[in-house]
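K.L.:
Any chance you could fold what I've pasted below:
(one chain, ligands or ions: 1)
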Amino acid sequence: MSPEAVYEVLSKVTDPELGRNIVELGFVKDLSIEDGRIAFTLELTTPGCPLKETLTAQCREALLSAFPEVREVDIRVSARVRQDARIQERLSVPVKTVLAVGSGKGGVGKSTVTALLAHLFHRLGAKVGVLDADIYGPNIPRLLPPVQGPEAEGERIVPARTREGIVVMSVGFLVEEGQALVWRGPMLHSMLQSLITQVEWPVLDYLLLDLPPGTGDVQLSASQLLPLTGALLVATPHPLAQEDLRRGVDAFKRLSVPLLGVIENMAGEVWGEGLTARTAESLGIPFLGSIPLSREIAHAGVSGDFSFLDKGELPFRDVVEAVGSRVSVETYRLQG
Ligand SMILES: Nc1ncnc2c1ncn2[C@@H]1O[C@H](COP(=O)(O)OP(=O)(O)OP(=O)(O)O)[C@@H](O)[C@H]1O
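P.N.:
Numbers count the residues shown, from 1 in each chain. This is a model prediction of the structure:
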């Protein structure tokens, strides 16, 4: 039972989303073999990977049936978000991935979903930052109230932090309320550039970029200034909102930003289930799950208090896991 033989057996286990085997993907780390015991770390690409149970079960089964002398298989699971290589090449910021959050129209809860995703990823153990570029309604300072910063240090800006340690930077910190509304092309571009390059971003797994609704100068500038790992679209289940979703999809396609998928927000009984999912399917983009219209979320939108997430099982786990998986697929696709 050599390490080579163990790797050979483990290479029969495939990650169904990435379509490659776990040895080739570099998931198997710190392999040790002694006295009928095989131990290794399975290093997945996103915290709270939905495939965790399936993959560990398959590894265990494959090893036990290949080596009758094995008494114990000990698998530790860890996660390391993979680097979008273009970010390292083009910007000198230690951010691994940048996820744009957009919507076809305003008021669908895009900022709320951005803040919610930040909290969910944080609770799964990822390092998360939020960059609020929504000039028409920079809501992030209210949704993610800072307890520290931002601070100017000469030319540099140290971003703000929430009580939990989510890193936040917002156009709302830099300008008076309403002032940015009149900005156009070049001014927006340089404002966004400062928010990206002048800010001392720490090491982050996911930087969520809250864009203004619709399509316009900010979307264009963001796609030019930043290598966007992918875009998430937020949509409501209202029948009339399906056309907005189509427009949103179209806009990101025109900017050549990969679409990670659609998140339905404010779901409830009124419009029934499945409309947003069907629209997503007809547009050929993944549906990443639903967030209901809820009192707790509405309250968090006013108070910035997301402690309801800490009562019992983590809610919306399916949504954050789906987003994490799509980001992994995208970073591997970019690597070729
Ligand atoms: N799932 C939800 N349940 C209850 N209330 C929600 C939910 N999602 C958003 N809201 C509320 O809806 C309003 C709009 O949300 P939000 O500001 O996040 O939307 P937006 O799409 O970012 O808007 P804008 O167009 O201003 O950028 C807020 O008052 C927010 O608290």
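K.L.:
Using the record's assignment, carve this protein into domains.
P.N.:
Using automatic domain parsing, the domain ranges for the chain come out as 3-79, 85-335.
K.L.:
Need those domains in a markdown table (columns: mean neighbour count and mean pLDDT).
P.N.:
Just so you know, the C-beta spots here come from the backbone N, C-alpha and C atoms, and that holds for glycine as well. Shown next, in a markdown table, are these (neighbours: other C-beta atoms under 10 Å; pLDDT from 0 to 100):
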| stretch | mean neighbour count | mean pLDDT |
| --- | --- | --- |
| domain 3-79 | 16 | 94 |
| domain 85-335 | 19 | 91 |
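K.L.:
Among these, which comes closest to the ligand?
P.N.:
Of all the domains of the chain, it is domain 85-335 that lies closest to the ligand, at 2.4 Å by C-beta to the nearest ligand atom.
K.L.:
Close to the ligand: what parts of this structure are there?
P.N.:
103, 106-112, 134, 137, 139, 213, 265-266, 291, 293-294, 297-298, 301 (C-beta under 6 Å from any ligand atom).
K.L.:
which ones among these are found in strands?
P.N.:
Of the residues of the chain next to the ligand, the ones assigned to strands by DSSP state E are Asn265, Met266, Ile291.
K.L.:
For the closest residue in space to the last one that isn't next to it in sequence, give me its contacts.
P.N.:
The shortest distance from Ile291 to any residue other than its chain neighbours is 4.9 Å, reached at Asn265 (C-beta to C-beta, 6 or more residues apart in numbering). The neighbours of Asn265, taking C-beta atoms under 8 Å, 6 or more residues apart in numbering as the test, are Val108, Gly109, Lys110, Thr112, Val113, Val234, Ala235, Thr236, Ser290, Ile291.
K.L.:
ok, now with 6 Å
P.N.:
Val108, Gly109, Val113, Val234, Thr236, Ile291 (C-beta atoms under 6 Å, 6 or more residues apart in numbering).
K.L.:
now the helices for the stretch 201-336 of the chain?
P.N.:
Per DSSP state H, counting those that start in this stretch, the stretch 201-336 of the chain carries helices over the ranges 217-225, 241-254, 275-283, 295-303, 317-335.
K.L.:
In TSV, list the ones you listed along with distance to Ala79.
P.N.:
Output for the helices of the stretch 201-336 of the chain, formatted as TSV (distance: least, C-beta to C-beta, whole Å):
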stretch	distance to Ala79
helix 217-225	27
helix 241-254	27
helix 275-283	26
helix 295-303	26
helix 317-335	9
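K.L.:
Compare those and give me the one nearest Glu8.
P.N.:
When these are ranked by distance to Glu8, counting by C-beta to C-beta, first place goes to helix 317-335 at 22.5 Å.
K.L.:
And the closest one, what does it pack against?
P.N.:
Here helix 317-335 touches strand 287-292, going by 3 or more C-beta pairs under 6 Å, 6 or more residues apart in numbering; DSSP states H and E.
K.L.:
go again using 7 Å as the cut-off
P.N.:
helix 85-90, strand 95-102, helix 110-123, strand 230-235, strand 259-267, strand 287-292 (3 or more C-beta pairs under 7 Å, 6 or more residues apart in numbering; DSSP states H and E).
K.L.:
Arg76 sits in which helix or strand?
P.N.:
Using DSSP states H and E, Arg76 falls within strand 72-79.
K.L.:
centre of the chain versus that strand, how much separation?
P.N.:
Its chain's average C-alpha position is 25 Å from that of strand 72-79, according to C-alpha atoms, centre = their mean, to the nearest Å.
K.L.:
Parallel or antiparallel, which strands does it pair with?
P.N.:
strand 37-44 (parallel) (DSSP bridges).
K.L.:
Determine the angle, from 0 to 180 degrees, between the partner strand and helix 317-335.
P.N.:
Per axes from the mean of the first three to the mean of the last three C-alpha atoms, to 10 degrees, the angle that strand 37-44 makes with helix 317-335 is 80 degrees.
K.L.:
right, and the helix or strand after strand 37-44?
P.N.:
Counting by DSSP H and E, the next helix or strand C-terminal to strand 37-44 is helix 52-66.
K.L.:
For that next one, name the packing helices and strands.
P.N.:
On a contact count with 3+ C-beta pairs under 7 Å, 6+ apart, helix 52-66 meets helix 3-10, strand 37-44, strand 72-79.
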